[in-house]
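In: Next one to model:
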Amino acid sequence: MAKRDKEDPTILPNGKQKNKEVVLSEQLFMQYESDSLQQDWADQAMSDDEFRNGQQWTREQQLDLEQRGQAAIVHNVIYPKVEMAKSILTTNDPRFVATAAEDSDVNLAHLATMLLEHTWVQSRGKDALKQAIDDYYVKGRGILYAYYDPEAGNGNGEVLIKDLETLRVFCDPHAKDKYWRDAEHVIVRQLMTETQVRAIAPDIDLSNAHQNVDERMPSRTYTQENSVALPGDDSAGDAYYPRYEVLERFSKTYVKYYRVIDLNTGDEEYYTDKEYRQFRMGYGIVVSGGDQESFIAMGDDLAAAQEMYMGLLEAAIEDGQVEDVVDLDGKNKEGTPIVYHLMEGQMTEDGMQMPPIPMLGPETGEEGEVLGSTKFIQPIRRDVLENVSYAAFDYKKVRYRAVSSVGGLLISDTILPIDRPPVVPIMNGFNRNPFPTSDVYHVRDLQKQINYTESKIIAHSASAASVGLLLPRGSILDREAFEAKVNRPGRWVEEYEAEMGSPTVVAPTPLPSEFYNKSQRDMQMIEMILGVYASQQGDISQSPQTFRGTLAMDEFAQRRMKSKLDDIEGSLNELGYVVLQMYQAYITQPRVLRIVNPSTQEPEMQQVNIVQYDDFGNEVGKLNDLQMLNADIRIISGSTLPTNRFALMDYYLQFYQAGIIDQVEVLKKSEVFDIEGILGRTGYIKQLEGQIAALGEEIKNLKGDLQTADREAVSARKRTEVEKFKASLAEPKAQIRAARDVYKQRTNDAIRSFRKELNESEQEAEQMSPPEPQTPLRQ
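Out: This next block holds a predicted model:
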């Protein structure tokens, strides 16, 4: 590690004192960097990275092999295996799922899922995850980082994610949690050029900032000629571009919050310390009448009571009953009192009774007044109503303080609205500290054995192609002629003392077969440790003979990989919580989000924070209010892993044949290019089939209608004949009716004449008869 200049670290180049938070960041960075565990881990991580990239022989080992006449062969098995693991683990984008904490949050939970999908797409999350998984396999841990960019989204602001170089992240060495939730501080240290600094702090004056060219990265372990550029390598242009040390410190802090409970309704509201002070300085409403008195301090009831009071106050001012309005300032605890009564509400058309209407002044005995409804209403400061209408309880909540500096100058110092660090690690060989071991570390010895074995095999092959001859001295007369005949590339000739004999061929001892099997066993062990097998890369040497057997083998091969996936999914869950909390804090204005639904692959649009108003233009709430969201975030297990397309198609076809799903769902899982065209043509064919069926039904109906028409025609002819017969009977019927009427009239005339004669006879008889004597009645 390079050493810093011996200068006062708390003084800027202009002689001014550095901000105390900047000094704390630099001191913590030096402390964490110098920790022995941190240095050992960083050296090992750098060495593992070099080893993965093919730098697997030290200079001393190379020289030793050259002296033996052997080559430093690198048969790199680790590199393709790590690349394959990255490919498998990032085949698909992760599927986030938000589960509502309450039934009322179901719609908001779906919105949270869309927000996470939106963030992943906008941030190119797969690229960041792939790089983090590379660090996870090679260096022991990958780093994902969530942040808010106010300039993104056309200036509307976006919550984004990215990966960080793990060797530039320094965590509290005493942290025990897998996701660093118990770490007091997490520091990200980078070197940036002036242009890069301007991108994050455009208004900063770098003339007073310290310049720094020290990458402070671990020293290189290997010095082979086939070296590759790794983190910390000095670039050729550094001499022309001054660089500055940028530190970002995320420190755990505790912020006071208040839980306010309405003693009347039991509703709860939560406020920060500043918001709670503003809450207390607001006003509630007291309503009293007779022996009853109620205090309203919060919730929807308060909004309704305040609206009623303001209406009565305006009416009282217009009526002249109120001249001076009492302001609720630091001295006055109570506002202007107003007396009112209630009038019965009118009946609606559907028979419903409208709520009573408040009217200014006491009851006057008019018709329609609610008896005994005269009350007194008055605003009152909420601090007076504490423990009367509401109760407040303070508690501490974890928040993270973000302090950013460049070259000793403070950029920003803010409290992030999150309860877990925005720097989320993906830990591999977790040892209950921030310094995990990598998979490359566990397979290095196996890779070295493979290299050594391959080097031996090549050296033995060269020796076998270069056999020698042992000649008894004097056994040939002309050695030069003999050598010209037998010499071949790589063959050597040597004379030795012997009484008699013939030339002897000297060949190397054959290598045992076990020597060749050793490399294969080492490669299989590397595959087992990394969780990537040859069959997953298309190797058919160990595949079963049957199709379903191959599918089952592919499924079983992913089981070791799912252990790695658990680590990644756990970190993505943590990242999802951070992203969602940032959305709730930073995205407060109305927004429209557009994403592609991963289930239906259809574009979907969602509105958030849409202000809603009542019929009178008053704000009554927000649609899809992110601040009201309370959901649990998780990743669908295995959503990033690949799926065997043949097995998946067979699986879906079984459901299609059973009639459980339709062909659209089957085609979505296929790799057919023109799915829309197929669905369009299939739909057209179905339309034609439907039209044919409809025409057949129409023909059937027409046949039935024709039969009905025939029957109706016969009936109509019958009715016509009957009507004709009825018409022929009409004249005789009329004559009969006329004769009947004449006979009836003549009969009535005869009866009237007879009655007249009878009456005349009775009158003549009464005139001719004498009167009867009157006899008194007996008592």
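
In: CA only for contacts and neighbour counts going forward, please
Out: Noted.

In: Show me the beta-bridge partners of Pro379.
Out: Under the criterion DSSP bridges, Pro379 forms beta bridges with Ile285.

In: Who are the contact partners of it?
Out: Counting by CA atoms under 8 Å, 6 or more residues apart in numbering, Pro379 makes contact with 283-286, 334-337.

In: Swap in 6 Å and give it another go.
Out: 284-285, 334-335 (CA atoms under 6 Å, 6 or more residues apart in numbering).

In: Now distance to Tyr179 and pLDDT too, for those, in CSV please.
Out: Shown next, in CSV, are the contacts of Pro379 (distance: CA to CA, whole Å; pLDDT from 0 to 100):
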residue, distance to Tyr179, pLDDT
Gly284, 45, 90
Ile285, 48, 90
Glu334, 52, 85
Gly335, 53, 84
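
In: and which of the residues you listed is nearest Glu454?
Out: Gly284 (84.9 Å; CA to CA).

In: any idea how far the residue nearest to that closest one when sequence neighbours are not counted is from Asp291?
Out: In this structure, Gly284 finds its nearest non-sequential neighbour in Ala297, 4.4 Å apart by CA to CA, 6 or more residues apart in numbering. According to CA to CA, to the nearest Å, Ala297 and Asp291 sit 20 Å apart.

In: who's more crowded, those two?
Out: Ala297 (30 against 5; other CA atoms under 10 Å).

In: The more buried one contacts Val286, correct?
Out: No. Using CA atoms under 6 Å, Ala297 is not in contact with Val286, being 8.7 Å away.

In: Reduced to three states, what does the residue minimising distance to the centre of the chain come out as?
Out: Against the mean C-alpha coordinate of the chain, by CA atoms, centre = their mean, the closest residue is Leu116 at 2.6 Å. In three-state terms, and counting by DSSP: H, G, I helix; E, B strand; the rest coil, Leu116 is helix.

In: ok, so what distance separates it from Val592?
Out: Using CA to CA, Leu116 is found at 14 Å from Val592.

In: low-scoring stretches of the stretch 301-450 of the chain, by residue?
Out: Counting by pLDDT under 70, the ranges of the stretch 301-450 of the chain that qualify are 329-330.

In: all strands of it, in order?
Out: When assigned using DSSP state E, counting those that start in this stretch, the strands of the stretch 301-450 of the chain occupy the ranges 338-343, 357-360, 375-381, 390-406, 409-416, 423-427.

In: tell me which residues of the longest one are tucked away?
Out: When neighbours are counted by 16 or more other CA atoms under 10 Å, the buried residues of strand 390-406 are found to be 390, 392, 399-406.

In: Now render these as CSV, adding distance to Met359.
Out: Formatted as CSV, these follow (distance: CA to CA, whole Å):
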residue, distance to Met359
Tyr390, 29
Ala392, 35
Arg399, 50
Tyr400, 53
Arg401, 54
Ala402, 55
Val403, 58
Ser404, 60
Ser405, 63
Val406, 65
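
In: if we take the residues you listed, which one ends up nearest to Gln524?
Out: Set against Gln524, the nearest of those by CA to CA is Tyr400 (45.4 Å).

In: didn't that closest one look like it was pressed against Val255?
Out: No. Tyr400 sits out of contact with Val255 when judged by CA under 6 Å, with a separation of 9.3 Å.

In: and Leu360, how far is that from Phe376?
Out: Distance of Leu360 to Phe376, computed by CA to CA: 10 Å.

In: same thing with Ala297?
Out: Taking CA to CA as the measure, Ala297 falls 17 Å from Phe376.

In: give me the number of residues near Met528?
Out: For Met528, the count of nearby residues is 14 (other CA under 10 Å).

In: Go ahead and list the helix or strand containing it.
Out: Element membership of Met528 [criterion: DSSP states H and E] is helix 513-530.

In: try Lys252
Out: Per DSSP H and E: strand 243-262 holds Lys252.

In: Likewise for Lys562?
Out: Using DSSP H and E, Lys562 sits within helix 559-586.

In: Name the residues of that helix that come out as buried.
Out: 561-562, 564-565, 567-584, 586.

In: With stretch 288-301 instead?
Out: By 16+ other CA under 10 Å, the buried positions in stretch 288-301 come out as 289, 295-298.

In: Which of those sits closest to Gln763?
Out: Each of the buried residues of stretch 288-301 was scored against Gln763 by CA to CA, and Gly289 proved nearest at 95.5 Å.

In: For the residue nearest to the closest one when sequence neighbours are not counted, name its beta-bridge partners.
Out: For Gly289, ignoring the flanking residues on the chain, the nearest one in space by CA to CA, 6+ apart is Lys375 at 4.4 Å. Beta-bridge partners recorded for Lys375 (DSSP bridges): Tyr340.

In: For Lys375, the count of nearby residues, please.
Out: Using other CA under 10 Å, Lys375 has 20 other residues around it.

In: tell me the contacts of it?
Out: Contact analysis of Lys375 by CA under 6 Å, 6+ apart lists 288-289, 339-340.

In: what about 7 Å?
Out: Residues in contact with Lys375 (CA atoms under 7 Å, 6 or more residues apart in numbering) are 287-289, 339-341.

In: now these as TSV including distance to His110?
Out: What follows is the contacts of Lys375, written out as TSV (distance: CA to CA, whole Å):
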residue	distance to His110
Val287	42
Ser288	45
Gly289	47
Val339	49
Tyr340	47
His341	47
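
In: I'd like the mean pLDDT over whatever helix or strand Leu37 lives in, please.
Out: According to DSSP H and E, Leu37 maps onto helix 36-52. For helix 36-52, mean pLDDT is 91.

In: any weak-confidence spans in the stretch 51-200 of the chain?
Out: Applying pLDDT under 70 to the stretch 51-200 of the chain flags the ranges 100-107.

In: all helices for it, in order.
Out: Using DSSP state H, counting those that start in this stretch, the helices of the stretch 51-200 of the chain run over 59-67, 78-89, 106-122, 125-138, 194-200.

In: buried sites along the last one?
Out: The reference is to helix 194-200. Judged by neighbour count (16+ other CA under 10 Å), helix 194-200 contains these buried residues: Val197.

In: Next, please give the residue ranges for the helices of the stretch 251-400 of the chain.
Out: Using DSSP H, counting those that start in this stretch, helices in the stretch 251-400 of the chain cover 273-281, 299-319.

In: May I see those helices organised as a markdown table, with distance to Met217 added?
Out: Listed next are the helices of the stretch 251-400 of the chain as a markdown table, based on distance: least, CA to CA, whole Å:
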| stretch | distance to Met217 |
| --- | --- |
| helix 273-281 | 43 |
| helix 299-319 | 57 |
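
In: quick one: which of those is nearest Glu151?
Out: Short answer: helix 273-281, nearest of those by CA to CA, at 27.3 Å.

In: tell me the angle that closest one makes with strand 390-406.
Out: 150 degrees (axes from the mean of the first three to the mean of the last three CA atoms, to 10 degrees).

In: name the helices or strands packed onto helix 273-281?
Out: Helices and strands touching helix 273-281, by 3 or more CA pairs under 7 Å, 6 or more residues apart in numbering; DSSP states H and E, are strand 243-262.

In: number of nearby residues for Glu26?
Out: Neighbour number of Glu26 under other CA under 10 Å is 22.

In: For stretch 354-361, output the C-alpha coordinates as CSV.
Out: Extracted in CSV, the C-alpha atoms of stretch 354-361 (Å, rounded to 0.1, in the frame of the first residue of the first chain):
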residue,chain,number,x,y,z
MET,A,354,-79.6,14.7,3.6
PRO,A,355,-77.3,15.6,6.6
PRO,A,356,-78.3,18.5,8.8
ILE,A,357,-77.1,22.0,7.7
PRO,A,358,-75.3,24.2,10.2
MET,A,359,-76.8,27.7,10.4
LEU,A,360,-75.4,30.8,12.1
GLY,A,361,-76.8,31.7,15.5
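
In: For it, which outside residues touch it?
Out: Stretch 354-361 is contacted by residues 312, 316, 339-347 when judged by CA under 7 Å, 6+ apart.
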